[in-house]
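Peer 1: Need a 3D model of the following:
(4 chains)
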There are 2 protein chains.
Amino acid sequence: MSADDTPSMPTVAALKAHSLTAVVQHEIERMILSGELGPGERLNEKLLADKLAVSRGPVREACRALAELGFVHLIPNRGVFIRKLTRADAIEVYDLRAGLTGLAASLLAPLLTAEHMARLEGFVEEMEQAAETADFGRFYPLNLEFHDYIVRSTGNGRLLKLYRGLVKEFHLFRTHGLVQRNALLESNKEHRDIVAALKAKDGSLSYGRAFHHVANGKQRMLRALDDLAEAVPERQRKKPEMRLIE
Amino acid sequence: MSADDTPSMPTVAALKAHSLTAVVQHEIERMILSGELGPGERLNEKLLADKLAVSRGPVREACRALAELGFVHLIPNRGVFIRKLTRADAIEVYDLRAGLTGLAASLLAPLLTAEHMARLEGFVEEMEQAAETADFGRFYPLNLEFHDYIVRSTGNGRLLKLYRGLVKEFHLFRTHGLVQRNALLESNKEHRDIVAALKAKDGSLSYGRAFHHVANGKQRMLRALDDLAEAVPERQRKKPEMRLIE
DNA sequence: TCAAACCAAAGTGTTGACAGTTGACATAAG
DNA sequence: CTTATGTCAACTGTCAACACTTTGGTTTGA
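Peer 2: Below you'll find the predicted structure:
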């Protein structure tokens, strides 16, 4: 069973073992994801080092790793900047997520065990309850875990790493929360269809359904984004680039 | 036209602009890809710093970036080690490459322009000539460029970055070169099929053909690997983990 | 003879300081 | 009033030195 990895968040375990650099990296990630550091903002190495009570070395190393991860942008002699995310970026991330999600489903299909099925159907069941009561706060983490479970069940570590990186980047948009109540049921029906395709061990069908599930999410987001843009006239927005939502 | 990016190698431009860290990073990458640094080998920070006539700072930063890229493995207080690649790793990389290649094809299909078609057919034509004369040295870079062109023509920068990273990692295996002569023609026929699917603007078909093209490559590699393993008895191999080929 | 504890050398983790570059502000000319 | 220029503060890039951890060999004891 290669399905019992870390359950989506490797938070605590690697704090004592890893070096300062790793701690700093996770702290910066947290700051970005929590919104403490806004998009486009430049982060001062010295200030950050003092704030975390470390030297500039680990901070710089962490920034290099984050840059390779795509969270920040490095400009020589200027510093590191929190990546600005445009509408085009959102589309890119969604397209990639769709592709990886579909790939994971198609890879898992032939490997599917009874335990996999039990877990997957359990997720769908729970999500159904959450959707019926419009309990978004419960639906959302279940949804994340459902997809993460599929991906890590493939046993492909690289796929899992890429997928999780994309999910993190996706969170950077703060686009979640703009989903309508009725969309939950719709979304979960797609989950059910994916599980059915997996159960049939049909790789191709699994790919298609998983792909389109994410693609539908993309469309929903784009529509919501356009509505938002229409409601708020161009010049009233705080910044020219998109600060998608909060 | 988003197809005229850097033609696969961003070599010269970013040498003066980028800092020492970037130079060191590329140098280490080169060392790994060229085989100067074998798998599992530990690289000494001080020695490397002296060899490149820089301090340990840039070397360490470069290593952190390479670790996030997946080229090396970091063990606290032990150092950085060139990643050992097992058969399972090879399978992972191939599966991912298949997925990304298929995704790129399916994304490109609806966007395909006449210029795209001309370029793609040009590649296939050239590869056909190279395959007929069994000119592997000419076929190989054309094959790389053909696939890279498809991916970057999608305009999805993240997809392109991930894909190129995978290709680099793939080169780390040194698996190329084990292809049979007649496999070239077979491979190029698949190329032709992909182009035909793209021309029909059939995203789903394009995905399938591109995916299976890489999946076939994976099977060819695995077979060649098994043959190799049979020819060389277990205990005669230098190391327990695979050093796939050279 | 073997095993466990100890010791020393090597190497990484971290730090603080110095040098070079950048961007902005203030000043002066058109 | 606008535009060009010189100066300066802030910050990044880089480096050399110090502290701690690991590792392999050596010694000591059973």
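
Peer 1: need the contact list for the residue nearest in space to the middle of chain A.
Peer 2: In chain A, the C-alpha nearest the mean C-alpha coordinate belongs to residue A:167, at 1.5 Å (CA atoms, centre = their mean). Counting by CB atoms under 8 Å, 6 or more residues apart in numbering or on different chains, residue A:167 makes contact with A:97, A:144, A:148. For the C-beta atoms, the positions are set from N, CA and C on the backbone; glycine is no exception.

Peer 1: nearest to residue A:128, of those?
Peer 2: In terms of CB to CB, no member of those lies closer to residue A:128 than residue A:144, at 16.2 Å.

Peer 1: rewinding a little: in CSV: the contacts of residue A:167, plus distance to chain B, neighbour count and secondary structure.
Peer 2: Output for the contacts of residue A:167, formatted as CSV (distance: CB to the nearest CB, whole Å; neighbours: other CB atoms under 10 Å in any protein chain shown; DSSP: H, G, I helix; E, B strand; the rest coil):
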residue, distance to chain B, neighbour count, secondary structure
A:97, 10, 22, helix
A:144, 20, 15, helix
A:148, 17, 20, helix
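
Peer 1: which element is the residue nearest to the centre of chain A on?
Peer 2: helix A:157-173 (DSSP states H and E).

Peer 1: buried residues in the helix or strand just after that helix?
Peer 2: Once helix A:157-173 ends, the next helix or strand along the chain (criterion: DSSP H and E) is helix A:181-199. Within helix A:181-199, the residues scored as buried using 16 or more other CB atoms under 10 Å in any protein chain shown are A:183-184, A:187-188, A:190-195, A:197-198.

Peer 1: ditto for stretch A:132-149
Peer 2: Neighbour-count burial for stretch A:132-149 [16+ other CB under 10 Å]: A:136, A:139-140, A:142-143, A:145-149.

Peer 1: Ok, stretch A:119-135 next?
Peer 2: So, applying 16+ other CB under 10 Å, buried residues of stretch A:119-135: A:119-120, A:123-124, A:126-128, A:130-131.

Peer 1: Return the closest of the buried residues of helix A:181-199 with respect to residue A:59.
Peer 2: residue A:187 (39.8 Å).

Peer 1: Could you double-check that the closest one lies in contact with residue A:143?
Peer 2: Yes. With contact defined as CB atoms under 8 Å, residue A:187 reaches residue A:143; the gap is 7.3 Å.

Peer 1: So for residue A:216, what's the pLDDT?
Peer 2: On the pLDDT scale, residue A:216 is placed at 94.

Peer 1: For residue A:73, give me phi and psi.
Peer 2: The phi/psi pair for residue A:73 (degrees, to the nearest 10) reads phi -120, psi 130.

Peer 1: Which strand or helix spans the residue nearest to it when sequence neighbours are not counted?
Peer 2: Excluding its sequence neighbours, the residue lying closest to residue A:73 (CB to CB, 6 or more residues apart in numbering or on different chains) is residue A:81, at 4.9 Å. Residue A:81 is located in strand A:79-82, with elements delineated by DSSP H and E.

Peer 1: Partner strands of that strand, with direction?
Peer 2: strand A:42-43 (antiparallel), strand A:72-75 (antiparallel) (DSSP bridges).

Peer 1: For the longest one, buried residues please.
Peer 2: Judged by neighbour count using 16+ other CB under 10 Å, the buried positions of strand A:72-75 are A:72-74.

Peer 1: can you put those residues in CSV and add distance to DNA strand C and pLDDT?
Peer 2: Output for the buried residues of strand A:72-75, formatted as CSV (distance: CB to the nearest atom of the strand, whole Å; pLDDT from 0 to 100):
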residue, distance to DNA strand C, pLDDT
A:72, 16, 95
A:73, 13, 94
A:74, 13, 94
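
Peer 1: any idea which of those residues is closest to residue A:112?
Peer 2: Nearest member of the buried residues of strand A:72-75 to residue A:112, counting by CB to CB, is residue A:72, at 38.6 Å.

Peer 1: The longest helix along chain A - contacts with which helices or strands?
Peer 2: Secondary structure of chain A per DSSP state H: the longest helix is helix A:203-231. In terms of contacts (3 or more CB pairs under 8 Å, 6 or more residues apart in numbering or on different chains; DSSP states H and E), helix A:203-231 is packed against helix A:87-108, helix A:181-199, helix B:203-231.

Peer 1: Which of these sits closest to DNA strand C?
Peer 2: helix A:87-108 (23.0 Å; CB to the nearest atom of the strand).

Peer 1: The closest one - what's its average pLDDT?
Peer 2: 97.

Peer 1: hmm, who's touching the next helix or strand after it?
Peer 2: Using DSSP H and E, the helix or strand that follows helix A:87-108 in sequence is helix A:114-132. With CB under 8 Å, 6+ apart as the test, helix A:114-132 has contacts from A:1, A:3, A:108, A:135-136, A:138-139, A:142-143, A:145-146, A:149-150, A:153, A:184-185, A:187-188, A:191-192, A:195, A:198-199.
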